[in-house]
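A.B. asks: sequence plus predicted model, see below.
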Amino acid sequence: MRNAQLLVDALREPGSSRSLDGRGWTELISIARAESLIGSLAHRLDGIAVPEQVKPILKDAIQATDLARLQALWEADCAGRGLASLNCKTVLMKGTAYVAANLDAGIGRSIGDLDIMVARDQLPATEEALLDAGWEWVKPDPYDDQYYRDHMHELPPLIHRERDRMIDVHHTTLPLTAGPTPNAQAMLDASVKLDSGLYVMAPADMLLHSVAHLFADGDLAGGLRNLWDIDRLVRQFSEADELFWTELGARAKLHQLVPHLARALRLAAGLYGTPVHKYHAGRTKLADYLYVRRLLARDGWGREIRKFTRQAFYIRSHWLRMPPLMLARHLWTKWRKA
């Protein structure tokens, strides 16, 4: 049974796709779609000879991600105008930040919700301004609403009543109950202003946010895309600034993400060939094998495989987010409500 290594190989070395037969191309495209990397793959294969049947698929993928890019920028502009009266920093995050800053990580990237970050003391004013501008609450349940406000790194999600687009308003990058405690104010202070008046995180912080999202919070669902972001960011930032690795190490200590960064760089180097020789990421650990096994858990049809591994990482994600007693109480409450 194939796994997602087929996609990893094509992203790492696009020329490897020349050896694929019809079945191989079907599997590659199926896995890329399932991992939300079809746009990135299409751009990577630009200039590579592909079968005639594959060309329109890749062309459609590029057009779709180009449209998603415009939609993301438009949504960011709408949010910026809605928050303009607050006179505070609005920091774009994740995919929207990559395209807004014209980064390589934004090329062909699929973009879902709009994620922004504001200072925590600005949350009430931000919430009021967005509601006035047409956004509405997605989670009307009182327990879910209170849980977000008391324990999470963001407000409950909002959706615009006319455009049907989601926005997540963050005040930091990890849940308040998580182990690491990134310095949100330092991220805001170091953020870089764009011509639009919106902000993006400084290079090291942007990379570390991607690292935190992948290895200190979630269950690695969609992990290949996030790890591809890390690869693209590392390559671009390290080539542009010879002091990047020094700054990255210092910011990792500040945000309590040193072990998470080391694992991210080891796995990115192992899967995508990311050049990390100027950062001491340590030797490959036994646990890294389990992470790779989880990241590659797709068959040739794009379906999820390795159910036990996926379930283990799902449980791990909840364990990371809150201490045991709180987790038990939360799961009990959710079970009763269900």
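C.D. replies: It's in. Numbering: from 1, shown residues only.

A.B. asks: the helices in the stretch 201-338 of the chain, which residues?
C.D. replies: Ranges of helices within the stretch 201-338 of the chain are 203-215, 223-240, 244-254, 258-272, 286-295, 307-321, 324-337, based on DSSP state H, counting those that start in this stretch.

A.B. asks: the third one - what's its average pLDDT?
C.D. replies: The one in question is helix 244-254. Averaging pLDDT along helix 244-254 yields 96.

A.B. asks: just the pLDDT at the closest residue to Arg306 other than its chain neighbours, thanks.
C.D. replies: Closest residue in space to Arg306, ignoring its immediate chain neighbours: Ala297 at 4.3 Å, by CB to CB, 6 or more residues apart in numbering. In this view, the C-beta of every residue, glycine as well, is placed from N, C-alpha and C. What the model reports for Ala297 is a pLDDT of 97.

A.B. asks: what does the pLDDT read for the closest residue to Ala216 other than its chain neighbours?
C.D. replies: The spatially closest residue to Ala216, leaving aside those adjacent along the chain, is His260, at 5.0 Å (CB to CB, 6+ apart). Looking at His260, its pLDDT is 94.

A.B. asks: ok, now Lys55?
C.D. replies: 97.

A.B. asks: what helix or strand is Leu7 on?
C.D. replies: Using DSSP states H and E, Leu7 maps to helix 5-12.

A.B. asks: quick revisit: among the helices of the stretch 201-338 of the chain, which is nearest Gly24?
C.D. replies: Nearest to Gly24 among these is helix 223-240; the distance by CB to CB comes to 17.8 Å.

A.B. asks: list the buried ones in that closest one?
C.D. replies: For helix 223-240, burial by neighbour count (16 or more other CB atoms under 10 Å) applies to 223-238.

A.B. asks: please apply the same query to stretch 175-195.
C.D. replies: Within stretch 175-195, the residues scored as buried using 16+ other CB under 10 Å are 175, 177-178, 180, 182-184, 187-188, 190-191, 194.

A.B. asks: pLDDT score for Leu37?
C.D. replies: Leu37 carries a pLDDT value of 98.

A.B. asks: what does Met187 give?
C.D. replies: On the pLDDT scale, Met187 gets 98.

A.B. asks: I'd say Met117 and Met187 touch.
C.D. replies: Yes - contact criterion CB atoms under 8 Å: Met117 and Met187 qualify, at 7.2 Å.

A.B. asks: can you list residues touching both of the two?
C.D. replies: 91, 173 (CB atoms under 8 Å, 6 or more residues apart in numbering).

A.B. asks: before we move on, back to that, quick one: buried residues of the helix holding Leu7?
C.D. replies: Quick answer for helix 5-12 (16+ other CB under 10 Å): 6-12.

A.B. asks: measure stretch 117-128 end to end?
C.D. replies: This stretch, stretch 117-128, spans 15 Å end to end (CA to CA, to the nearest Å).

A.B. asks: residues making contact with it?
C.D. replies: 83, 86, 88-91, 93, 155, 169-173, 184-185, 187-188.

A.B. asks: give me the subset of the residues you listed lying in strands.
C.D. replies: 91, 169-170 (DSSP state E).

A.B. asks: now render the buried residues of helix 5-12 as JSON lines, adding distance to Pro203.
C.D. replies: Shown next, in JSON lines, are those (distance: CB to CB, whole Å):
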{"residue": "Leu6", "distance to Pro203": "31"}
{"residue": "Leu7", "distance to Pro203": "27"}
{"residue": "Val8", "distance to Pro203": "25"}
{"residue": "Asp9", "distance to Pro203": "28"}
{"residue": "Ala10", "distance to Pro203": "27"}
{"residue": "Leu11", "distance to Pro203": "22"}
{"residue": "Arg12", "distance to Pro203": "23"}
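
A.B. asks: how about these, which pair is most distant?
C.D. replies: Leu6 and Arg12, at 11.1 Å, using CB to CB across the buried residues of helix 5-12.

A.B. asks: from Leu290, how far out is the nearest residue in space to Gln185 that is not next to it in sequence?
C.D. replies: Excluding the flanking residues, the one nearest Gln185 by CB to CB, 6+ apart is Ala119, at 7.3 Å. Ala119 is 37 Å from Leu290, where distance means CB to CB, to the nearest Å.
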